[in-house]
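Q: mind folding the following:
(4 chains)
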Number of protein chains: 2
Amino acid sequence: MASNPAPVCDNALLGSLTREAFAALEPLIEYVEMPLKKVFSKGSKTIKHVFFPCSGMFSLIRTMEDGSTIEVGLIGKEGFVGVPLLLGASASPLDALVQGAGKAISMSAATFLKVVDGNRSFRNRLLLYAQCLHIQVSQTAVCNARHTVPQRLARWILETHDRMGQPELSLSHEFLSYMLGVRRAGITVALQQFTAKGLVTTGRSKVTVRSRTGVEKAACECYRTVQRETRRLIA
Amino acid sequence: MASNPAPVCDNALLGSLTREAFAALEPLIEYVEMPLKKVFSKGSKTIKHVFFPCSGMFSLIRTMEDGSTIEVGLIGKEGFVGVPLLLGASASPLDALVQGAGKAISMSAATFLKVVDGNRSFRNRLLLYAQCLHIQVSQTAVCNARHTVPQRLARWILETHDRMGQPELSLSHEFLSYMLGVRRAGITVALQQFTAKGLVTTGRSKVTVRSRTGVEKAACECYRTVQRETRRLIA
DNA sequence: GCGGTGGGGTACGTTTGCGTACAGATTTTA
DNA sequence: TAAAATCTGTACGCAAACGTACCCCACCGC
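A: Numbering: from 1, shown residues only, chains lettered A, B, ... in the order given. Below is the predicted model of the structure:
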């Protein structure tokens, strides 16, 4: 797909930069580890840094007044954490939490704004990603309203599998329940259904995808919809 | 709030233009009626026009593969229909449907892109609105997952009341059920609860808000969250 | 090796909302 | 004015998911 044989960076957005543009950027960026569960951007706090994942993934989480949480979007190396900044807001009510450990490229908000301001095509690419994220969140709204826990769980596993690039996913039932905004026991039962059908195997804090196509069948149309639109826009 | 005593236009975004900028735009725009239920932008079709409501409102709707529908966002005179275009996409999977009759200013996609390209502060204002819409949709995702039909209905009535600026809303139970993605009878029951508490009165295809604060109490925190963020960003 | 902690399996009654259906009332159309 | 369409109220059984609780097991640190 990439015309350049070796993209300058694993992150798809930064990877689209020319070698020169990326080199110019390099003194301004920082390679950071994304340890599991770390909160990189807290809702309603001023956004100080943006993150371009190279591996692993972030969850966009909304924390409610009673402390309960629910995920509204996933961001992997196809995107970046900091869309509100791009759109002119200095903060948003969503948290960004590391959902799968990995590495990311970070830069300060000021640097980010300067870079975006000076590179039109890069900016346009980021905006297109913002649209992708918007579609993803829209579809999550639909999914939460209409689909069952097993369907939503299957969708979620697929999205995570895509971004992590490996079948073993480090996920406890409780964590999954926070993400989907459902009961922990609901996750247990749904995973048992999947295991019985041979779609996944489970271990302590671990879910391993065994039949990708099987999981796809168990998921609702939302997965396909988001994938289709994402590909159409940024493939 | 507005420093200019008479904004050039009822739509908040176009209204922020200087008199000169708006005058320059005037030959390129069209004032259109928004008749109830009319679909102005069909999902996955190329977006040919954008719309800036001056009164009335649009719903952003997702139509599923089985034909069922659900709303993910509302757009009134604080915003515009055509965010995907602004972000560089020529289409999005969402439909835009007139949910409250009114008037809008329309322009072609080409004109829109030209205007946006030539007016930086206007563009920034639109981007900020895109962020608002994004927050609204995010909160809808949360709301759909966690809140009851009466809570969501109350929220929806408030959002509509805000945008229509009048207590009588033309809404049938069936239409509301499409919007919230729930059963028609569920709406009937919820409205009866509201009526019993004196929050609203109902008539054939009509809901009239009687106690604004009562409806606010019946709604979930989502209404407040979105309102707070919207004000913070574009007030 | 032992106790503590966190993860997972299971159960039970309850609530919410679904799907469906039907009848009466009102409005629109012929 | 009659017929048709639309809107609302109501009902019933059923499924999904909830809140809660308890137990066991695996793993970790001491």
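Q: near chain B, anything from stretch A:173-186?
A: Yes. Stretch A:173-186 comes into contact with chain B (C-beta under 8 Å from any C-beta of the partner chain), by way of A:180-182. Backbone N, C-alpha and C define where each C-beta goes, glycine included.
Q: so what touches that stretch?
A: With C-beta atoms under 8 Å, 6 or more residues apart in numbering or on different chains as the test, stretch A:173-186 has contacts from A:59, A:61, A:68-71, A:99, A:144, A:149, A:152-153, A:156, A:187-188, A:191, B:142, B:145-146.
Q: re the thing from before, which of the residues of stretch A:173-186 next to chain B sits closest to DNA strand D?
A: Closest to DNA strand D out of the residues of stretch A:173-186 next to chain B is A:Val182 (3.5 Å), distances taken as C-beta to the nearest atom of the strand.
Q: quick one: secondary structure of the closest one?
A: Classification of A:Val182 by DSSP: H, G, I helix; E, B strand; the rest coil places it in coil.
Q: burial of it, as a residue count?
A: Per other C-beta atoms under 10 Å in any protein chain shown, the neighbour tally for A:Val182 reads 20.
Q: just the mean pLDDT for stretch A:160-175, thanks.
A: Average pLDDT, stretch A:160-175: 94.
Q: endpoints of that stretch, how far apart?
A: Taking C-alpha to C-alpha, to the nearest Å, stretch A:160-175 runs 13 Å from one end to the other.
Q: tell me which residues in it are buried?
A: Residues of stretch A:160-175 classed as buried: A:160-164, A:169, A:171, A:173, A:175 (neighbour count, 16 or more other C-beta atoms under 10 Å in any protein chain shown).
Q: just the ones in strands from the residues you listed, please.
A: Using DSSP state E, A:Leu169 are the members of those that sit in strands.
Q: any chance of the buried residues of stretch A:160-175 in CSV, with distance to A:Ala91 too?
A: Below are the buried residues of stretch A:160-175 laid out as CSV (distance: C-beta to C-beta, whole Å):
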residue, distance to A:Ala91
A:Thr160, 27
A:His161, 31
A:Asp162, 29
A:Arg163, 25
A:Met164, 28
A:Leu169, 30
A:Leu171, 29
A:His173, 32
A:Phe175, 25
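Q: among the buried residues of stretch A:160-175, which two are most distant?
A: By the measure C-beta to C-beta, A:Asp162 and A:His173 form the most distant pair in the buried residues of stretch A:160-175, at 21.1 Å.
Q: and the contacts of stretch A:173-186 near DNA strand D, which?
A: Contacts with DNA strand D within those, counted by C-beta under 7 Å from any atom of the strand: A:Val149.
Q: quick one: is the longest helix seen in chain A near DNA strand C?
A: The single longest helix within chain A, with elements called by DSSP state H, is helix A:120-146. No. With C-beta under 7 Å from any atom of the strand as the criterion, DNA strand C is not reached by helix A:120-146; the gap is at least 7.8 Å.
Q: gap between that helix and the chain center?
A: 11 Å (C-alpha atoms, centre = their mean, to the nearest Å).
Q: same deal with stretch A:44-62?
A: In terms of C-alpha atoms, centre = their mean, the centre of stretch A:44-62 is set 9 Å apart from its chain centre.
Q: go on, stretch A:23-34?
A: Counting by C-alpha atoms, centre = their mean, stretch A:23-34 is centred 20 Å from the centre of its parent chain.
Q: quick check: buried residues in stretch A:14-25?
A: Buried, per 16+ other C-beta under 10 Å, within stretch A:14-25: A:14-17, A:21-22, A:25.
Q: for those residues, which one is nearest chain B?
A: If you rank the buried residues of stretch A:14-25 by distance to chain B using C-beta to the nearest C-beta, A:Ser16 comes first, at 13.5 Å.
Q: so who does A:Leu171 touch?
A: Counting by C-beta under 8 Å, 6+ apart, A:Leu171 makes contact with A:160, A:205-207.
Q: A:Leu85 against A:Thr111, yeah?
A: No. Using C-beta atoms under 8 Å, A:Leu85 is not in contact with A:Thr111, being 10.9 Å away.
Q: which ones are touching the residue most central in space within chain A?
A: What sits nearest the mean C-alpha location of chain A, by C-alpha atoms, centre = their mean, is A:Ile75, with 1.9 Å. The contact partners of A:Ile75, taken as C-beta under 8 Å, 6+ apart, are A:53, A:57-60, A:81, A:96, A:133.
Q: quick check: it vs DNA strand D, distance?
A: Distance, A:Ile75 to DNA strand D, using C-beta to the nearest atom of the strand, to the nearest Å: 24 Å.
Q: thinking again about what came up before, and A:Leu85 and A:Thr111? Which one has more around it.
A: Remark: of A:Leu85 and A:Thr111, A:Leu85 carries more neighbours, 24 against 17, as counted by other C-beta under 10 Å.
Q: count of neighbours near A:Gln227?
A: By the measure other C-beta under 10 Å, the count of residues near A:Gln227 is 15.
Q: quick one: which helix or strand includes it?
A: In this structure, A:Gln227 sits in helix A:221-234 according to DSSP states H and E.
Q: near A:Ala12, how many other residues are there?
A: 21.
Q: contacting residues for it?
A: Contacts of A:Ala12 by C-beta under 8 Å, 6+ apart are A:77-79, A:234.
Q: rerun that using 7 Å as the cut-off
A: Residues near A:Ala12 by C-beta atoms under 7 Å, 6 or more residues apart in numbering or on different chains: A:77-78.
Q: and it, how close does it get to chain B?
A: A:Ala12 is 15 Å from chain B, where distance means C-beta to the nearest C-beta, to the nearest Å.
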